[in-house]
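Enquirer: Fold the following, please.
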Amino acid sequence: MAQNPHTSEAQSDDLWRAVLTGQHPALSRGRRLFKLLPSPSGPRCKMCLAPFSGVGAPLMRLLGRRPWHKNPHWCTICEKFVREHPGGAEMEVALVFADVRGSTALAEGMAPAEFSRVIRRFYTAATRILTANDAIIDKLVGDEVIGVYLPGLSGPDYARRAVNAARDLLEATGHGTRGGPWMPVGVGVHTGPAFVGSIGAEDGVTDFTALGDTMNVAARLVAAAGAGEIIVSEAAYKASGLDLPDAERRQLTLKGHLQPIEVYILRNASDKHTKAASGAPGDPR
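Expert: Residues are numbered from 1 along each chain as shown. Modelled structure (predicted):
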């Protein structure tokens, strides 16, 4: 949808910054009100806190606040804001890129319908884990899932949440288990500045996404990760505040970057043992 002609680009960006940092007055009032509606353990919209279950859910549905298809922790009213207000703001984010390793070989060994079911299972597990840790699902595409963590919506420990979500995802896909993973997955985690907001063509398809070199670095990290590996940039590791003495420190030279960057490699204990015993490099895409 086209931007309101009475709203300048600067005003739109200011509006987005207020929303993404949790400082928008109407949003703040809505959050205070919806927080009072009981939903003991059910999900809520991470932007406005509208409950999706419990006694408040029918009222929210009457108001048009249903779970957003892109992220079940956002409501459709907040999705409408994304579509009707092109623009965004630059801010610090944490990114989680999760990618199936060796997906071409997997697809060759399965019927298309079977491969589709396995990928859908991976999407379901990744979406559940990332949103449970307060991420926005940026993309589900091919064999990759991308989650974005924003300080204003995910909380001040957004980088820690990103690293923990990556570890949970390895566990959920069976890495470190006796039977081995049901889906070989590598993960990249990075933090840095990105432009976040509503991106798209005028009167065309609009999407909520993040753009910038921080996204490029995260993509390079996941490309370098083997099955059962999480590659965490030094920036993300420091921002997380985590102390992970078993993490392997390494330097990586990334495509498009002249200087190597410091990273930390995290693995499940059994995956680490298998990796050391075989000496095998990370699985190809």
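
Enquirer: C-alpha only now, for contacts and for neighbours.
Expert: Noted.

Enquirer: could you say which helix or strand contains Tyr171?
Expert: I think there's a mix-up here, since residue 171 is Glu and not Tyr. Assigned by DSSP states H and E, Glu171 belongs to helix 158-172.

Enquirer: and what of Ala125?
Expert: Here Ala125 is assigned to helix 112-132, by DSSP H and E.

Enquirer: for Phe195, same thing?
Expert: Using DSSP H and E, the element containing Phe195 is strand 185-200.

Enquirer: Check the spacing between Ala50 and Ile137 real quick.
Expert: Distance of Ala50 to Ile137, given as Cα to Cα, to the nearest Å: 19 Å.

Enquirer: More neighbours: the two, which one.
Expert: A count of neighbours by other Cα atoms under 10 Å puts Ala50 above the other of Ala50 and Ile137, at 30 against 22.

Enquirer: and that one, what is it in contact with?
Expert: Contact analysis of Ala50 by Cα atoms under 8 Å, 6 or more residues apart in numbering lists Arg31, Phe34, Lys35, Arg44, Ala57, Met60, Arg65, Cys75.

Enquirer: do that again at 10 Å, thanks
Expert: Counting by Cα atoms under 10 Å, 6 or more residues apart in numbering, Ala50 touches 30-31, 33-37, 39, 43-44, 56-57, 59-61, 65-67, 73-75, 77.

Enquirer: Pull up the distance across stretch 147-167, start to finish.
Expert: So stretch 147-167: terminal residues 14 Å apart, Cα to Cα.

Enquirer: pLDDT weak spots in the stretch 101-250 of the chain?
Expert: Counting by pLDDT under 70, the stretch 101-250 of the chain contains low-confidence ranges at 200-206.

Enquirer: Break this protein into its domains for me.
Expert: 9-85, 88-278 (automatic domain parsing).

Enquirer: average model confidence for the first one?
Expert: Right, domain 9-85. Average pLDDT, domain 9-85: 82.

Enquirer: Excluding covalently adjacent residues, which one is nearest to Leu221?
Expert: Closest residue to Leu221 apart from its sequence neighbours, by Cα to Cα, 6 or more residues apart in numbering: Gly188 at 4.9 Å.

Enquirer: Take the contacts of Ala50 and keep only those in strands.
Expert: Among the contacts of Ala50, the residues falling in strands (DSSP state E) are Pro67, His73, Trp74, Cys75.

Enquirer: Turn these into TSV, columns for neighbour count and distance to Thr124.
Expert: Below are these laid out as TSV (neighbours: other Cα atoms under 10 Å; distance: Cα to Cα, whole Å):
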residue	neighbour count	distance to Thr124
Pro67	23	15
His73	26	14
Trp74	26	16
Cys75	27	19
